[in-house]
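Colleague: what would the 3D arrangement of this be:
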Amino acid sequence: MNVALKQKAAHTIIAINDDIIMSSDIQELKGIVQQLLNEGKKSIALAFTQDSYLSTPSVRIIAQCFELIKDRQGAFTFIAPNRDIRDMLDILNLRVMVTIVGSEDELK
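Modeller: As a prediction, this is how the structure comes out:
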């Protein structure tokens with residue numbers, strides 16, 4: 001999984017540069033989130049490509065990341081997720097886990 005990390009205000013952005021598809025394994029994301037939390041970063045934002053799609057295993061990893069962040073009283077944000085990702089979050093009633101912003105500029 002090709003990712004880039006950057007800082008925007010108080011948020012650490014994990015930009016996933018590969019398209020996440022049905023067969024993608026994003027297990028590595030959990031390790032990245034854990035590492036950031038261990039470094040004291042509590043506000044974590046995810047940015048996916050516009051062609052990404054979250055499968056059931058991917059959603060499971062996202063939920064585990066949310067739990068890690070919540071346990072540290074952190075914040076979890078999705079940056080400009082595409083319609084498929086938004087729909088998946090709605091269908092599984094997971095939108096309560098994350099804040100959604102339209103762009104990096106909306107991070108405060």
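Colleague: need the helices for the protein, in chain order.
Modeller: Listed in chain order, the helices of the chain (DSSP state H) span 27-38, 56-71, 83-91.
Colleague: list the buried residues for stretch 26-40?
Modeller: Neighbour counts over stretch 26-40 (16 or more other C-beta atoms under 10 Å) mark I26, L29, K30, I32, V33, L36, L37 as buried. Quick note: C-beta positions are derived from backbone N, CA and C, even for glycine.
Colleague: CA atoms of the helix or strand of the chain with the lowest mean pLDDT as PDB?
Modeller: The weakest-scoring helix or strand in the chain, judged by mean pLDDT, DSSP states H and E, is helix 83-91 (a mean of 90). Below are the C-alpha coordinates for helix 83-91, written out as PDB (Å, rounded to 0.1, in the frame of the first residue of the first chain):
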ATOM      1  CA  ARG A  83     -19.700   8.400  -3.300                       C
ATOM      2  CA  ASP A  84     -19.000   4.600  -3.000                       C
ATOM      3  CA  ILE A  85     -17.100   5.100   0.300                       C
ATOM      4  CA  ARG A  86     -19.800   7.400   1.700                       C
ATOM      5  CA  ASP A  87     -22.500   4.900   0.700                       C
ATOM      6  CA  MET A  88     -20.600   2.100   2.400                       C
ATOM      7  CA  LEU A  89     -20.300   4.100   5.600                       C
ATOM      8  CA  ASP A  90     -24.000   4.900   5.500                       C
ATOM      9  CA  ILE A  91     -25.100   1.400   4.700                       C
END
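Colleague: how many neighbours does the residue lying closest to M22 once chain neighbours are set aside have?
Modeller: Nearest non-adjacent residue to M22, counting by C-beta to C-beta, 6 or more residues apart in numbering: S55, 4.7 Å away. Neighbourhood size, S55 [other C-beta atoms under 10 Å]: 16.
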